[in-house]
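Asks: What follows is a protein structure lacking sequence information:
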């Protein structure tokens, strides 16, 4: 079976939970979260939930663990908290939850980001993999980074990744 045939058998509509990690954003100012929701909907995916949480590891962990137990969720997409500032704690939480990492996701994201923003791309700790039979994807919080990741990496592979996790 070719790669194209394999991807074609992927799930057409994944249930997605979007989590924005930010100390300053609310629903009206969360451009990155709104963009993720909009792009997912444009491509036929279902929004199974959306939350904004402060960059507090305990809160992030609790929300992710809850989302990963829900039957209507196939993928969790987190944005924010992936940098190296003292308040950036998303990576550590997500990394603990991942069972199988997709190292290529972060590598390719940083490569594509480098083409856009230069050497600052090295400070992104974007990561993806599986957790509890779901996709768990963690992106930077900037709107540009979110658009790059969702359009170039997530949307082309989301159905395929979810189908692989579900043994299809």
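Replies: On my side now, so go ahead. Everything numeric in this text was worked out from a predicted model, so none of it was measured.

Asks: List phi and psi for residue 17.
Replies: phi -110, psi 130 (degrees, to the nearest 10).

Asks: Count the residues that sit near it.
Replies: Residue 17: 24 surrounding residues under other C-beta atoms under 10 Å. For every residue, glycine as well, the C-beta is placed using N, CA and C.

Asks: Okay, it and residue 156: tell me how far apart.
Replies: Note on residue 17: its distance to residue 156, by C-beta to C-beta, to the nearest Å, is 20 Å.

Asks: And for residue 25?
Replies: Relative to residue 156, residue 25 is positioned 27 Å away (C-beta to C-beta).

Asks: which of those two has more neighbours?
Replies: Between residue 25 and residue 156, residue 25 has the larger neighbour count (other C-beta under 10 Å), namely 18 against 12.

Asks: In contact with residue 123, which residues?
Replies: Counting by C-beta atoms under 8 Å, 6 or more residues apart in numbering, residue 123 touches 83, 84.

Asks: quick one, phi psi at it?
Replies: Torsion angles, degrees, to the nearest 10, at residue 123: phi -90, psi 0.

Asks: which residues in the chain form strands?
Replies: Along the chain, counting by DSSP state E, strands occupy 15-21, 46-53, 75-79, 100-101, 127-131, 134-139.

Asks: Save these as TSV, and put in mean pLDDT too.
Replies: Formatted as TSV, those follow (pLDDT from 0 to 100):
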stretch	mean pLDDT
strand 15-21	98
strand 46-53	98
strand 75-79	98
strand 100-101	98
strand 127-131	98
strand 134-139	98
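
Asks: can I get the ones you listed in a markdown table with distance to residue 62?
Replies: As requested, these are exported to a markdown table (distance: least, C-beta to C-beta, whole Å):
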| stretch | distance to residue 62 |
| --- | --- |
| strand 15-21 | 11 |
| strand 46-53 | 9 |
| strand 75-79 | 13 |
| strand 100-101 | 22 |
| strand 127-131 | 14 |
| strand 134-139 | 15 |
